[in-house]
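Engineer: The following block contains a protein sequence and its predicted model.
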Amino acid sequence: MKFTLQAEDPSSRARAGKMELAHGVVETPIFMPVGTAATVKGVHQHELDEVIKAQIILGNTYHLYLRPGTEVIEKAGGLHKFNSWNKPMLTDSGGYQVYSLSGRRKIKEEGVTFQSHIDGSRHTFTPENVMDIQRQIGADIIMAFDECTPYPCDYRYAKRSLAMTHRWLKRCCDHFDSTEPIHGYKQSLFPIVQGSTYKDLREESARTVIEHDREGYAIGGLSVGEPHDKMYETTDWVCSILPKDKPRYLMGVGTPTNLLECIALGIDMFDCVLPTRNARHGLLYTSEGEINIKNLKWKQDFSPIDPNSTSPASRIHNKAYLRHLISRNEMLGAQISSLHNLSFFLWLVGEARKQIIDGTFTTWKTQMVAKLTRRL
């Protein structure tokens, strides 16, 4: 992977860059739609490409390992061929999903033994076999195996957990470096900065991951219930240490406002299920604020979902029609809403990139945040 820093905002840490990966170029800052089980829910691949203009999507190791199974994906020639997505992909290591199975898993030095949420069957993830699984899946960027701590988290637990995550990171790097890609192209391994919301632990973790000299770095363990100001503070600590010439990925974040505030702190990459999950429940993000399309006020509103949008899904369909579909639980309602929200998120980071290059990001961000926090 090659990362080129193209522009920096003069009054913040915001930056515009370019990642060159095996399956294409990704311009940053970027939002990655979440395709947990080899699909972004309700969205066809040609819509991801042509309507949403996605440059990179995310898959999840835990879910793909359980279904359809990595042997199926490997036999297909990797996830790109299995799901017919020919642009870059990133896979999460499964650490967050294991964290979410708090009553069904046991964490030890060797790795994590857990019960499947599907049928209760027992499995074990180790730093080594998670590298092997992600080799089989074949994403362009793969993540180190870590423990994601909850919020709030006792300092002593966070410190012990961080030490183990760092030991696991070394095992990930050693195993990754001793193996070859399966599908004929190079993959990049990103370490993950942990440490809960403790400044000394986050700074220690940032310095530790840098020692492994990888092509990019991720920040994990945020957006797990902490207040937004804690998220921003922690992100600021870490970004002040991570190298400027490598991409920075903030995992699992977040709302449109979160994206803009964290871009200002120096983050380049984001992913989150909010655009599609909230879309299915009728919450729409627009350039003028949030819309709960189920509200009665939209029943006879025949204006476009977002007249300022460049997305056909947002301009063609009117609010009254979408409200009707969502209220009736029609599948098309969830599809249109998902297309709209994802298009908006991709527009937002794309516009942020333009503003960074033009040197006007900070002023624009202030104006946008005031709009994004409104309920229409």
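Structural biologist: Cool, the structure landed. Numbering: from 1, shown residues only.
Engineer: Run a quick neighbour tally on E74.
Structural biologist: Using other C-beta atoms under 10 Å, E74 has 18 neighbouring residues. The way it works is simple: take the backbone N, C-alpha and C, and place the C-beta from them, glycine included.
Engineer: pretty sure it is in a strand, no?
Structural biologist: No - read with DSSP: H, G, I helix; E, B strand; the rest coil, E74 is helix and lies in no strand.
Engineer: quick one: average confidence on the longest helix anywhere in the chain?
Structural biologist: The single longest helix within the chain, with elements called by DSSP state H, is helix 331-358. For helix 331-358, the mean per-residue pLDDT is 97.
Engineer: Starting from N258, give me the distance back to the most centrally placed residue in the chain.
Structural biologist: The centre of the chain sits closest to D271, judged by C-alpha atoms, centre = their mean, with a distance of 1.8 Å. Distance of D271 to N258, given as C-beta to C-beta, to the nearest Å: 12 Å.
Engineer: Which residue is the nearest non-sequential neighbour of I107?
Structural biologist: E147 (6.3 Å; C-beta to C-beta, 6 or more residues apart in numbering).
Engineer: Kindly provide the distance from that neighbour to L260.
Structural biologist: 29 Å.
Engineer: quick one: least confident helix or strand in the chain?
Structural biologist: helix 95-100 (a mean of 76; mean pLDDT, DSSP states H and E).
Engineer: Okay, now the sheet partners of the helix or strand following that helix, with direction.
Structural biologist: The helix or strand immediately downstream of helix 95-100 is strand 105-107, counting by DSSP states H and E. Using DSSP bridges, strand 105-107 pairs in its sheet with strand 112-115 (antiparallel).
Engineer: For the next helix or strand along the chain from the partner strand, which residues meet the burial criterion?
Structural biologist: Sequence-wise, the next helix or strand downstream of strand 112-115 (DSSP H and E) is strand 122-125. Buried residues in strand 122-125, counted by 16 or more other C-beta atoms under 10 Å: H123, F125.
Engineer: average model confidence for strand 122-125?
Structural biologist: 95.
Engineer: what separates the next helix-or-strand element following it from the chain centre, distance-wise?
Structural biologist: Where DSSP H and E defines the elements, the next helix or strand beyond strand 122-125 is helix 127-137. The chain centre lies 19 Å from the centre of helix 127-137; the measure is C-alpha atoms, centre = their mean, to the nearest Å.
Engineer: in helix 127-137, what counts as buried?
Structural biologist: P127, E128, N129, V130, M131, I133, Q134, R135, Q136, I137.
Engineer: Please produce a markdown table containing those, extended by distance to Q55.
Structural biologist: Putting the buried residues of helix 127-137 into a markdown table (distance: C-beta to C-beta, whole Å) gives the following:
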| residue | distance to Q55 |
| --- | --- |
| P127 | 29 |
| E128 | 31 |
| N129 | 30 |
| V130 | 25 |
| M131 | 25 |
| I133 | 24 |
| Q134 | 20 |
| R135 | 23 |
| Q136 | 24 |
| I137 | 19 |
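Engineer: Go through these and say which is closest to L66.
Structural biologist: Nearest to L66 among those: I133, at 10.8 Å, using C-beta to C-beta.
Engineer: Test my guess that that closest one contacts T61.
Structural biologist: Yes - if you go by C-beta atoms under 8 Å, I133 and T61 touch, sitting 5.7 Å apart.
Engineer: intersection of neighbour lists for these two?
Structural biologist: Shared contacts of I133 and T61 (C-beta atoms under 8 Å, 6 or more residues apart in numbering): none.
Engineer: residue contacts, the residue lying farthest from the centre of the chain?
Structural biologist: Going by C-alpha atoms, centre = their mean, the residue of the chain most distant from its centre is Q300, 35.9 Å out. Residues near Q300 by C-beta under 8 Å, 6+ apart: A320.
Engineer: Report the contact partners of G282.
Structural biologist: N292, I293, K294, R323, I326, G333, S337.
Engineer: ok, now R171?
Structural biologist: Per C-beta under 8 Å, 6+ apart, neighbours of R171: T126, P127, E128.
Engineer: what's the answer for P68, then?
Structural biologist: Counted by C-beta under 8 Å, 6+ apart, P68 has contacts A38.
Engineer: State the distance from it to G103.
Structural biologist: P68 is 26 Å from G103, by C-beta to C-beta.
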